[in-house]
Every structure is written in structure tokens, then in C-alpha cells.
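**Student:** Show me how the following folds:
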Amino acid sequence: MQYRLYRSRLPENPLLQFVALVVAAIMAVGAIFLGAILLSLFLGLALIIGIVLYVRLWWLRRSLSKRTERPGARSGDFVEVEYTVVEERSPSETSSRDAED
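**Tutor:** Prediction:
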């Protein structure tokens with residue numbers, strides 16, 4: 001099988017050359033605009049997905065921090081502890097022992 005190489009030539013008519021140039025320019029500009037539109041759509045979609053993920057993570061952190069806090073607890077003002085009194089002393093015993101030291 002023989003292969004033939006076909007080469008397209010510019011038309012010899014100057015009017016057809018001008019029309020071909022205009023058509024090629026319009027197609028190039030259209031391709032650039034189409035690429036810009038697709039790029040802006042992809043970037044906009046990525047931005048929307050990023051915002052949705054950020055808000056979702058913020059919401060999860062907020063709900064998680066609400067679960068870990070005890071109801072009625074203040075943030076950093078007091079420390080809540082439990083203790084057991086081993087021996088109770090009267091105020092007079094405490095002041096006399098301090099004077100002896």
C-alpha cells in the first residue's frame with residue numbers, strides 16, 4: 001500500500017486568502033475565550049468546594065468543642081475539683097499552730 005502525502009495549500013485567490021485568515025483568527029480567539037471560560041468555571045468550582053469544606057470543618061470543630069465542655073462551666077475562671085476533708089480543724093487551732101512555727 002502506498003501512502004500519499006497531501007499538503008493543503010493556501011488558495012491563490014487573495015480574497016479567499018483573506019477569508020481564510022479571518023476564519024483562522026476568529027477560531028483562535030474563540031479557542032482562547034473558551035479556554036478562559038473553562039478555566040474560570042473550574043476555578044470557581046474549586047473555590048466553592050473549598051468554602052464548603054472550610055465551613056463543614058468549622059461546624060464540626062464547633063460541635064465537637066460544645067460536646068467536650070461541661071454545661072455551666074466557665075472558660076478558665078474556676079477549676080472544678082472534688083476533695084475529701086481528712087481532719088477538720090477549728091480556726092483557733094490553726095492560728096495557735098501557726099504561732100508555734
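**Student:** Give me the packing partners of the helix or strand hosting residue 50, helices and strands only.
**Tutor:** Using DSSP states H and E, residue 50 sits in helix 14-68. Where contact means 3 or more Cβ pairs under 8 Å, 6 or more residues apart in numbering; DSSP states H and E, helix 14-68 is not packed against any helix or strand. Bear in mind the C-beta positions are built from the backbone N, C-alpha and C, glycine included.
**Student:** How far does that helix sit from its chain's centre?
**Tutor:** Centre-to-centre, helix 14-68 and its host chain are 17 Å apart (Cα atoms, centre = their mean, to the nearest Å).
**Student:** pLDDT score assigned to residue 47?
**Tutor:** For residue 47, the pLDDT comes out at 98.
**Student:** ok, so what distance separates it from residue 21?
**Tutor:** Per Cβ to Cβ, to the nearest Å, residue 47 is found 39 Å from residue 21.
**Student:** Tell me where the model's unsure across the chain.
**Tutor:** When residues are selected by pLDDT under 70, those of the chain lie in 1, 69-76, 93-101.
**Student:** ok, 90 please
**Tutor:** Judged by pLDDT under 90, the chain has its weakly predicted residues at 1-14, 17, 63-101.
**Student:** neighbours around residue 20, how many?
**Tutor:** Look at residue 20: counted by other Cβ atoms under 10 Å, it has 13 neighbours.
**Student:** The one 10 residues further on too?
**Tutor:** By the other Cβ under 10 Å criterion, the neighbourhood of residue 30 contains 10 residues.
**Student:** With the one 4 residues further on instead?
**Tutor:** Counted with other Cβ under 10 Å, the burial measure for residue 34 works out to 10 neighbours.
**Student:** Ok, residue 33 next?
**Tutor:** If you count neighbours by other Cβ under 10 Å, residue 33 ends up with 10.
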